[in-house]
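1. Below are the sequence and a predicted model; questions follow.
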Amino acid sequence: MDFNALRESEIFTFGLNKINLIFKRTKYRPSVIVAVNPHVIEQNSSYFNQTLIPLFIDVKGRNIITFRQNVHFLHGTRGMRKFARDCSVSVIEGATVTFVAMQLAFHMGFKKVALVGCNHSFSQKGPANKTVIAGTSDPDHFDPQYFAGGAKWHLPDLRASELQYDTARDTYERFGREIVNCTMGGELEIFRRMPLKDFLEC
């Protein structure tokens with residue numbers, strides 16, 4: 001992934017969850033960061049409480065994340081096959097933070113959205129949403145310390161994620177917008193593939 005291309009393009013980007021773990025390897029910084037999972041919010045609270053990057057955090061984190069000018073708390077609600085086009089009241093929590101970011105991007109008026117680094121596959125198997133304890137290293141995320149050293153995390157619900165991605169794709173298309181997948185490789189085939197270089201030039 002060429003993060004320098006993102007940085008040089010000055011395009012608006014949403015970083016998710018523990019994106020700050022990649023900062024030691026690149027000068028790229030996202031425009032905003034989104035985190036809704038309670039385990040992620042708690043584990044990354046020290047960074048969230050000192051960064052100046054605008055944050056969109058689930059309201060369940062209000063007891064550990066200090067409210068200040070760059071912190072925006074989201075009220076999440078549930079609903080399959082639903083998509084919040086207006087996030088000023090609530091967002092649909094969904095099975096993945098990526099789905100929340102898609103709703104925020106729609107709310108902000110973006111007409112073309114690209115996914116980067118969304119491989120949609122995990123080596124650890126088990127019941128969806130089960131809370132598990134991480135081992136010494138994380139093989140499924142961009143940094144081996146993402147979920148590691150006994151950290152709690154929820155096993156993914158890939159089927160629910162796919163249903164919500166379908167809903168996001170259809171909602172964007174209904175309003176003349178589009179989500180494309182600029183991930184190199186990976187197993188997410190719901191969105192049209194496009195090289196990141198082409199997306200940045202369009």
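-> Structure received.
2. could you pull out the helices for the protein?
-> Here the chain has its helices, by DSSP state H, at 3-9, 38-43, 45-48, 97-107, 158-174, 196-201.
3. In JSON lines: those helices, plus mean pLDDT, mean neighbour count and distance to H72.
-> C-betas here are computed from N, CA, C, even on glycine. Below are those laid out as JSON lines (pLDDT from 0 to 100; neighbours: other CB atoms under 10 Å; distance: least, CB to CB, whole Å):
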{"stretch": "helix 3-9", "mean pLDDT": "87", "mean neighbour count": "14", "distance to H72": "22"}
{"stretch": "helix 38-43", "mean pLDDT": "96", "mean neighbour count": "18", "distance to H72": "13"}
{"stretch": "helix 45-48", "mean pLDDT": "98", "mean neighbour count": "16", "distance to H72": "12"}
{"stretch": "helix 97-107", "mean pLDDT": "98", "mean neighbour count": "22", "distance to H72": "9"}
{"stretch": "helix 158-174", "mean pLDDT": "96", "mean neighbour count": "17", "distance to H72": "20"}
{"stretch": "helix 196-201", "mean pLDDT": "94", "mean neighbour count": "14", "distance to H72": "26"}
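4. To M184, which of these lies closest?
-> helix 196-201 (8.0 Å; CB to CB).
5. Against which helices or strands is the closest one packed?
-> Secondary-structure packing of helix 196-201 (3 or more CB pairs under 8 Å, 6 or more residues apart in numbering; DSSP states H and E): helix 3-9, strand 112-115.
6. Can I get these in CSV including distance to E187?
-> Output for those, formatted as CSV (distance: least, CB to CB, whole Å):
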stretch, distance to E187
helix 3-9, 22
strand 112-115, 12
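7. Can you convert the helices of the chain into TSV and add a column each for distance to G185?
-> Converted to TSV, these look like this (distance: least, CB to CB, whole Å):
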stretch	distance to G185
helix 3-9	16
helix 38-43	24
helix 45-48	28
helix 97-107	17
helix 158-174	16
helix 196-201	13
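8. Please name whichever of those is nearest to R81.
-> Comparing the helices of the chain by CB to CB, helix 158-174 comes nearest, at 5.3 Å.
9. what packs against that closest one?
-> helix 97-107, strand 178-181.
10. So I41 is in contact with A35, correct?
-> Yes: between I41 and A35 there is a contact under CB atoms under 8 Å: 5.3 Å.
11. between the two, what contacts are shared?
-> 48, 57-58, 61 (CB atoms under 8 Å, 6 or more residues apart in numbering).
12. Can you say which of those are buried?
-> 48, 57-58, 61 (16 or more other CB atoms under 10 Å).
13. how about stretch 125-138 as CSV, C-alpha atoms only?
-> Only the C-alpha atoms of stretch 125-138 are listed here, as CSV (Å, rounded to 0.1, in the frame of the first residue of the first chain):
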residue,chain,number,x,y,z
LYS,A,125,-12.3,-19.1,13.1
GLY,A,126,-15.2,-19.4,15.5
PRO,A,127,-18.7,-18.2,16.2
ALA,A,128,-19.4,-14.7,14.9
ASN,A,129,-19.0,-11.9,17.5
LYS,A,130,-17.5,-14.3,20.2
THR,A,131,-15.1,-12.5,22.5
VAL,A,132,-11.7,-14.2,22.3
ILE,A,133,-8.3,-13.5,23.9
ALA,A,134,-5.5,-12.6,21.4
GLY,A,135,-2.2,-14.5,21.3
THR,A,136,1.3,-13.0,21.1
SER,A,137,0.9,-11.7,17.6
ASP,A,138,-2.0,-10.7,15.2
